[in-house]
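# no letters, just coordinates:
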Ligand SMILES: [Zn+2]
């Protein structure tokens with residue numbers, strides 16, 4: 001009985017602390033939703049194509065400068 005209660009509490013708290021993993025559905029270069037077939041994967045992120053990847057890369061570089 002007591003063990004059951006503890007287990008339930010642990011399950012509830014682990015659900016609360018579980019990080020909210022959001023599926024990346026939009027391109028980081030232009031913000032458009034990425035279609036399943038056409039996507040460009042770089043450094044763990046998705047983009048429409050190489051151009052959008054470069055765009056996002058330049059953007060992050062500029063942000064790092066400031
Ligand atoms: Zn894009």
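Arrived safely. If you're wondering where the values come from, they're calculated on a predicted model, not measured in any experiment.

# what's around residue 62, how many residues?
Counted with other C-beta atoms under 10 Å, the neighbours of residue 62 add up to 9. For the C-beta atoms, the positions are set from N, CA and C on the backbone; glycine is no exception.

# apologies, that question was intended for residue 47.
By the other C-beta under 10 Å criterion, the neighbourhood of residue 47 contains 25 residues.

# verify the stated contact: it with residue 39.
Yes: taking C-beta atoms under 8 Å as the definition, residue 47 is a contact partner of residue 39 at 7.1 Å.

# okay, and the helix or strand of the protein with the least pLDDT?
Within the chain, no helix or strand scores below helix 2-17, which has a mean of 54 by mean pLDDT, DSSP states H and E.

# could you pull out the helices for the protein?
Under the criterion DSSP state H, helices of the chain are mapped to 2-17, 50-65.

# could I get the buried residue list for the last one?
Judged by neighbour count (16 or more other C-beta atoms under 10 Å), helix 50-65 contains these buried residues: 52-53, 55-56.

# out of these, which are close to the ion?
Cross-checking these against the ion (C-beta under 5 Å from the ion) gives residue 52 as the overlapping residues.

# looking at the buried residues of helix 50-65, spot the one nearest the ion.
Nearest to the ion out of the buried residues of helix 50-65 is residue 52 (C-beta to the ion; 3.1 Å).

# for the nearest residue to the closest one once chain neighbours are set aside, give me its contacts.
Of all residues beyond its chain neighbours, the one nearest residue 52 is residue 29 (2.7 Å), with distances taken as C-beta to C-beta, 6 or more residues apart in numbering. Residues in contact with residue 29 (C-beta atoms under 8 Å, 6 or more residues apart in numbering) are 47-48, 51-56, 59.
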